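A.B. asks: the amino acid sequence is not available; the structure is as follows:
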């Protein structure tokens, strides 16, 4: 079972990264792109990560295909983290809109839709700010880890080509 998972992981993730590495990207630029795609991919505002990854790749001259690949690869993590982000945001602003999710949210929209919309917007904005604060150290951590791995991959590839 472990070999099946290892082969699947290798086919889905390691092989595409190695293909990008062979296209002339430096390991440092790849690490930056992977870290940016990872951090943007878990943004708690669904529907914004693709556009944000495109903008970041154009502004910082990153590989747009690689950043989108990583963005889509971490999409399940975004789904898992959206509720904790929103619950933390609701606690920070003392909003009761997510106490009995989704029942309380639906009831709130049925009674006062403008107040529910305003409360939801405040929760989403606060969750975005929480993500923004957490994404900076997360970016640095992911960049450091991936750059170490990519430098090791590049040196092993160069040694293999010297033979």
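C.D. replies: Nice, thanks for sending it over. Not measured: the values here are computed from a predicted model.
A.B. asks: contacts, neighbours, all on C-alpha from now
C.D. replies: OK.
A.B. asks: roughly how far out does stretch 60-76 sit from the chain middle?
C.D. replies: From the chain centre to the centre of stretch 60-76 is a distance of 9 Å (C-alpha atoms, centre = their mean, to the nearest Å).
A.B. asks: end to end, how far does that stretch reach?
C.D. replies: 26 Å (C-alpha to C-alpha, to the nearest Å).
A.B. asks: next SSE downstream of the worst-scoring helix or strand of the chain on mean pLDDT?
C.D. replies: Lowest by mean pLDDT, DSSP states H and E among the helices and strands of the chain is helix 103-111, with a mean of 66. Next in sequence after helix 103-111, counting helices and strands by DSSP states H and E, comes helix 113-162.
A.B. asks: what mean pLDDT does that following helix have?
C.D. replies: Averaged across helix 113-162, pLDDT comes to 84.
A.B. asks: same question, stretch 62-75
C.D. replies: According to the model, stretch 62-75 has a mean pLDDT of 92.
A.B. asks: and the gap between the most centrally placed residue in the chain and residue 77?
C.D. replies: Centroid check for the chain by C-alpha atoms, centre = their mean gives residue 41 as the closest residue, at 2.3 Å. In this view, residue 41 and residue 77 are 8 Å apart by C-alpha to C-alpha.
A.B. asks: neighbours of residue 13, how many?
C.D. replies: Using other C-alpha atoms under 10 Å, residue 13 has 14 other residues around it.
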